[in-house]
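**Student:** sharing a model that was predicted from the sequence below.
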Amino acid sequence: MPSREGRSALAAACASLTFKRQPIWTGLLTNRFCAAFRHLGLHRSGDIMAEPVTICICTYRRPSLFETLASIEQLRLRNVDVVGVLVVDNDLADGLRSEVAERAGSYRFPLRYCHAPAQNISIARNAALDGVETRWAAFIDDDEVASPDWLEELYAAAEGAEAVIGQSVAQYGPALPGWAARCDFHSNRITGRVDNAYTSNALLDVDFLRRKNIRFREELGRTGGEDTLLFRQLAESGGRIVYRPESVVYEEVPPTRASMTWVFRRMYRAGQTHGLLSREYDAKAFSRLGLTAGAKALASAAMTLATLPGTDASRRWAARSALHLGALSYRVRPTILEEYGVAAVGEPRK
């Protein structure tokens with residue numbers, strides 16, 4: 001349910017609706033209809049009642065933020081009412097505040113700025129959750145652009161769910177090596193268990209998260225994996241997660257990430273996150289992790305050589321080997337690689 005402030009705003013908005021002159025009995029039915037939708041937390045949009053949603057973008061020194069904002073202005077909306085776009089700035093300085101304020105003057109939706117100066121993505125995402133006054137919050141990264149039906153497609157799968165996940169499709173420019181697009185290590189899609197999810201394209205039931213006291217863990221704010229852990233917590237608390245691949249956002253891959261070194265680090269850290277999840281939610285699997293991860297790492301390394309180094313198949317096996325090595329390393333020493341330290345301007349954290 002919306003907060004008390006949100007319910008008040010919804011009631012005021014609904015009360016302000018005007019109707020053509022009509023018989024008294026019709027007005028009574030209309031009032032009851034309007035009250036019912038106020039109770040559900042819905043807004044009126046055109047001829048239908050639309051669900052209020054806040055869009056959240058956490059950012060850190062990325063000029064591409066304004067491309068993200070521009071794509072949101074192009075959304076096609078029918079069942080969703082975007083009541084606000086919240087930009088959470090994770091940089092130490094608030095230099096972005098004036099730029100967002102200038103853009104807000106002519107922006108399609110109400111645009112707000114929040115300064116969360118910690119250089120910790122978990123703190124930024126928690127600040128976004130705290131700033132939301134609607135039941136639903138949609139998350140998109142500051143280096144992504146939304147397809148026109150992105151948000152409608154997410155909401156189309158929201159009934160009975162506490163989270164809906166779309167796909168993030170990587171875009172590879174002509175200057176990047178050919179293997180990058182063929183192997184496609186950079187896209188985010190769910191291919192296994194649905195709670196192995198991410199926030200780069202997500203619709204979250206904020207009311208559910210608050211009731212269950214689920215937050216992004218701050219100790220993972222520089223390592224990554226904080227979103228994966230949040231979705232596991234959500235599932236363990238009885239929340240339902242739905243994968244909606246029809247909801248698409250696009251991410252342009254920069255040259256600095258089109259290297260196997262970047263892929264190895266990302267996969268190694270993902271393996272460490274898997275180790276953390278096993279330790280917290282599957283003690284039996286964690287007790288065997290040294291054996292299982294070690295065996296898989298050896299098998300993947302062997303396949304890396306067998307499929308001829310430099311080929312696409314070999315690169316995929318090498319990435320899997322890094323994943324299993326990360327899980328093995330966490331079993332031996334439960335720490336996670338810090339991916340997101342202080343980043344250079346133009347190549348922020350992800």
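**Tutor:** Sure thing, it's come through. From a predicted model like this one, the values you see are computed outputs, not experimental measurements. Residues are numbered from 1 along each chain as shown.
**Student:** got a list of what the nearest residue to residue 65 once chain neighbours are set aside touches?
**Tutor:** The shortest distance from residue 65 to any non-neighbouring residue, by C-beta to C-beta, 6 or more residues apart in numbering, is to residue 142 (4.4 Å). Bear in mind the C-beta positions are built from the backbone N, C-alpha and C, glycine included. Residue 142 makes contact with 57-60, 62, 64-65, 68, 348, according to C-beta atoms under 8 Å, 6 or more residues apart in numbering.
**Student:** switch to 6 Å and redo it
**Tutor:** Residue 142 makes contact with 57, 59, 62, 65, 68 under the criterion C-beta atoms under 6 Å, 6 or more residues apart in numbering.
**Student:** by pLDDT, give me the weakest of those residues.
**Tutor:** pLDDT across the contacts of residue 142 is lowest for residue 62, at 94.
**Student:** that residue - how many residues pack around it?
**Tutor:** 22 (other C-beta atoms under 10 Å).
**Student:** how about the one 5 residues further on?
**Tutor:** The criterion is other C-beta under 10 Å. On that basis, residue 67 has 15 neighbouring residues.
**Student:** quick one: contacts of the helix or strand hosting it?
**Tutor:** Using DSSP states H and E, residue 67 sits in helix 65-73. Contacts of helix 65-73 with the rest of the structure, by C-beta under 6 Å, 6+ apart, involve 57, 59, 108, 142, 144-146.
**Student:** which of these are buried?
**Tutor:** 57, 59, 142, 144-146 (16 or more other C-beta atoms under 10 Å).
**Student:** surely residue 134 and residue 55 touch.
**Tutor:** No. Residue 134 is not in contact with residue 55 according to C-beta atoms under 6 Å; the separation is 10.0 Å.
**Student:** what distance do you get for residue 208 to residue 201?
**Tutor:** 19 Å (C-beta to C-beta, to the nearest Å).
**Student:** and those two? which has more neighbours close in?
**Tutor:** Neighbours of residue 208 and residue 201, each counted by other C-beta under 10 Å, are more numerous for residue 201; the result is 30 against 18.
**Student:** hmm, residue 249 and that one touching each other?
**Tutor:** Yes. Residue 201 lies in contact with residue 249 (C-beta under 6 Å); the separation is 4.8 Å.
**Student:** what's the overlap in contacts for the two?
**Tutor:** Common neighbours of residue 201 and residue 249 (C-beta under 6 Å, 6+ apart) are residue 168.
**Student:** tell me the confidence at residue 142?
**Tutor:** 98.
**Student:** low pLDDT regions in the chain?
**Tutor:** For the chain, the stretches with pLDDT under 70 are 1-48, 340-350.
**Student:** tell me the centre residue of it?
**Tutor:** Taking C-alpha atoms, centre = their mean, the centroid of the chain lies closest to residue 199, which sits 1.5 Å from it.
**Student:** that's a helix at it, yeah?
**Tutor:** No. Per DSSP: H, G, I helix; E, B strand; the rest coil, residue 199 lies outside any helix segment and is coil.
**Student:** quick one on the thing from earlier: kindly indicate which of the buried ones among the contacts of helix 65-73 lies nearest residue 80.
**Tutor:** Distance ranking of the buried ones among the contacts of helix 65-73 against residue 80, using C-beta to C-beta, places residue 146 first at 12.2 Å.
**Student:** how much space between that closest one and residue 83?
**Tutor:** 17 Å.
**Student:** go on, residue 181?
**Tutor:** For residue 181 relative to residue 83 (C-beta to C-beta), the value is 38 Å.
**Student:** comparing the two, which residue is more hemmed in?
**Tutor:** Taking other C-beta under 10 Å, residue 181 and residue 83 do not tie; residue 83 has more neighbours (22 against 16).
**Student:** where along the stretch 51-200 of the chain do the helices fall?
**Tutor:** Assigned by DSSP state H, counting those that start in this stretch, the stretch 51-200 of the chain shows helices spanning 65-73, 96-104, 121-131, 150-156, 178-183.
**Student:** ok and the first one relative to helix 96-104, angle-wise?
**Tutor:** Yep, that's helix 65-73 we're talking about. 30 degrees (axes from the mean of the first three to the mean of the last three C-alpha atoms, to 10 degrees).
**Student:** next, the buried residues of helix 65-73.
**Tutor:** Neighbour-count burial for helix 65-73 [16+ other C-beta under 10 Å]: 65, 68-69, 71-72.
**Student:** give me the nearest residue to residue 239, chain neighbours excluded.
**Tutor:** residue 162 (3.6 Å).
**Student:** next, the contact list for that neighbour, please.
**Tutor:** 205, 208, 239-240.
**Student:** also residue 299?
**Tutor:** Not one residue lies near residue 299 by C-beta under 6 Å, 6+ apart.
**Student:** and it, which helix or strand is it part of?
**Tutor:** Element membership for residue 299, per DSSP H and E: helix 289-306.
**Student:** what's the distance between residue 84 and residue 201?
**Tutor:** Noted for residue 84: a distance of 19 Å to residue 201, by C-beta to C-beta.
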